[in-house]
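In: using only what follows, build the 3D model:
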Amino acid sequence: MDGTQLGILLAAIVVSAISAFFGKVFLDRLRKVDVENAAKQIKERAEHEAASKLKEADLVIKERQLAQKAETEKELSRSRDELRDRERTLDKRHEGLSQQEDDLRKQQKMVESNQRRLAERLEDANRRHDELGKMLEVQRQTLHSLSGLSPGEATKRLLDSLEQELTQEMGSIISRHEKRLAEVVDQKSRDMLLTAMQRYAAAHTAESTTSTVDIPSDEMKGRIIGREGRNIRTFEKVTGVDVIIDDTPGVVIVSGFDPVRREIARQTLNKLIADGRIHPSRIEEVFNDTSKEIEAFIQKKGEEAAQEVGTHGVHPKVLYMLGRLHFRTSYSQNVLRHSVEVAFLSGMLAEMMNLDGDTARRAGLLHDIGKAADHELEGGHPKIGADILKRHNEKTEIVHAAFGHHDEIITEYPYTMLVATADACSASRPGARRESLERYIKRMEELESIACGFPGVEQAFAIQAGRELRVVASAKDTDDMKAAKICRDIAKAFEEQLTYPGEIKSPSSANRGLPRSRGNYLTKYA
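Out: Predicted structure coming up:
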């Protein structure tokens, strides 16, 4: 390489170096400008975001202030409404007290009027007594002169005559006052009953339990039955109910007398159908789980009913029996709701009579407790309920009310009569109980036809919706002993041919001495 080429090469290297240096300086300036622009943009964006956040914060504060103001106004409005409601309640109570005060004034005036009339009657009687005394003296003198009787004999005859006349007069006065007093008492009792029923004007819907289970298709019937019937046999053995599978499409019937076991079986079958796995071990597993759920549900229902009525300190076992009434119906009326209504009505009646309202409500709530076990124990539900309450240390008034609310025993406590009255009001309330006319007539005809099929029976009348059967026996063909045997035979026929809850009773020995023209009685408790 000669000197010229070397010079050219060096010159090229120097030019490249200078170009690179100035290019770097230019790029550094460009980068610095970009960085400054980016910093400026970041600063502007930050300032913009800060301003936006300040505006948002102001809006949030204003919204919270408006919300607090609205909430405060709502609270004030609610307080005003509560004050208005309390004022209206106080006005109503004041009107009720004024009405009661007016009634008391009227009754006081009536009593004062009766006292004045009685005083006038007594004065009249005294006046007549004086007149009779004078007449007696005249008669004595006349009798002495005409009859020649001794003074003792004449005095005795006159005194007997006077005593008889005064007795008749006093009896007439007393009878009139008793009749008037009975009318006042009857009107007062009607007013008390109407007041109690109006105060507890609960809406009633008749309930009914069902024993049918819907299935998605008829193929499910075969799965429920299982191979050679092993599934259905296991299900019936575990649940204690009967499963009826017939030609009815889309329905399987669960039949059982115990309403709780029937409900457990129904829910178990529903779960098995929904799950799709139906075999013996799965049936037992689902049944055990469902039983625990129903047990807890029953206990909860009993506690809720006691809490609703305001009754405390009830034994857990009694609360459990009370909860079982949720699955029991009487003429399609739910027995648990019926018991709650009887409790409220009994408490209201007791308070109007200046009795203990808590005791009356407790007695009303527990009066039908025997219906939770009348299919398991012998005897009617009043006796079963009284035994249960007595075993769990309930007060004598509560036990007596449960035993006597169907007038089976002599009433010893006023709470028994209050519970019986409230029970009748709840059962007779329109809409509380219902039964189809065809079914009702058929049941009455069955009772009467069975009784009329016995020799010596002339007529039979089913009364009190089938709870009592009055039988008229022939006086020519039947004596007292035969009548008693006919009653026992009729009761036995009912037990064999009819399905019923409770027990059937024939007349007691105290009724067998009554004249046959009055008939003999059979009582069937539902």
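
In: burial count for residue 311?
Out: Residues near residue 311, counting by other CB atoms under 10 Å, number 21. In this view, the C-beta of every residue, glycine as well, is placed from N, C-alpha and C.

In: revised request: answer the last question for residue 78.
Out: When neighbours are counted by other CB under 10 Å, residue 78 registers 10.

In: phi, psi of it?
Out: According to degrees, to the nearest 10, the main-chain angles of residue 78 amount to phi -60, psi -40.

In: pLDDT below threshold where in the stretch 1-150 of the chain?
Out: Under the criterion pLDDT under 70, the flagged ranges of the stretch 1-150 of the chain are 1-3, 140, 143-144, 146-150.

In: confirm residue 472 sits in a helix?
Out: No: the assignment for residue 472, made by DSSP: H, G, I helix; E, B strand; the rest coil, is strand rather than a helix.

In: list the residues that contact it.
Out: Neighbour list for residue 472: 457-461, 519 [criterion: CB atoms under 8 Å, 6 or more residues apart in numbering].

In: which stretches of this structure form strands?
Out: Along the chain, counting by DSSP state E, strands occupy 212-214, 242-244, 251-255, 329-330, 333-334, 457-463, 468-473, 504-505, 520-524.

In: okay, these in TSV with distance to residue 366 and mean pLDDT next?
Out: Shown next, in TSV, are the strands of the chain (distance: least, CB to CB, whole Å; pLDDT from 0 to 100):
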stretch	distance to residue 366	mean pLDDT
strand 212-214	32	77
strand 242-244	32	85
strand 251-255	30	83
strand 329-330	16	77
strand 333-334	16	79
strand 457-463	28	82
strand 468-473	25	82
strand 504-505	23	63
strand 520-524	23	37
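
In: tell me which of the ones you listed sits most buried.
Out: Burial of those is given as mean neighbour count (mean count of other CB atoms under 10 Å); strand 333-334 ranks first at a mean of 22.

In: give me the most central residue, this protein.
Out: The residue lying closest to the centre of the chain (CA atoms, centre = their mean) is residue 337, at 2.2 Å.

In: quick revisit: turn the strands of the chain into a markdown table, columns for distance to residue 66.
Out: Formatted as a markdown table, the strands of the chain follow (distance: least, CB to CB, whole Å):
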| stretch | distance to residue 66 |
| --- | --- |
| strand 212-214 | 53 |
| strand 242-244 | 64 |
| strand 251-255 | 59 |
| strand 329-330 | 55 |
| strand 333-334 | 50 |
| strand 457-463 | 72 |
| strand 468-473 | 72 |
| strand 504-505 | 74 |
| strand 520-524 | 71 |
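
In: of those, which is nearest residue 101?
Out: Among these, the nearest to residue 101 by CB to CB is strand 333-334 (38.4 Å).

In: what's the pLDDT at the residue lying closest to residue 482 once chain neighbours are set aside?
Out: Leaving out its chain neighbours, the residue that sits closest to residue 482 by CB to CB, 6 or more residues apart in numbering is residue 456, at 6.3 Å. Listed pLDDT for residue 456 reads 80.

In: identify the residues contacting residue 456.
Out: Counting by CB under 8 Å, 6+ apart, residue 456 has contacts 473-474, 477-478, 482-483, 486.

In: now, which of the contacts of residue 472 sits nearest residue 272?
Out: Among these, and counting by CB to CB, the member closest to residue 272 is residue 460, at 47.4 Å.

In: that closest one: what's it in contact with?
Out: Contacts of residue 460 (CB under 8 Å, 6+ apart): 447-448, 451-452, 469-472.

In: please tell me how far the closest residue in space to it that isn't next to it in sequence sits from residue 481.
Out: For residue 460, ignoring the flanking residues on the chain, the nearest one in space by CB to CB, 6+ apart is residue 451 at 3.7 Å. To residue 481, residue 451 is 18 Å away according to CB to CB, to the nearest Å.

In: next: residue 238.
Out: Using CB to CB, residue 238 is found at 50 Å from residue 481.

In: residue 340 now?
Out: Distance, residue 340 to residue 481, using CB to CB: 47 Å.

In: so for those two, which sits in the more crowded spot?
Out: Using other CB under 10 Å, the more surrounded residue of residue 340 and residue 481 is residue 340, with 24 against 9.

In: ok, the more buried one to residue 72 distance?
Out: 40 Å.
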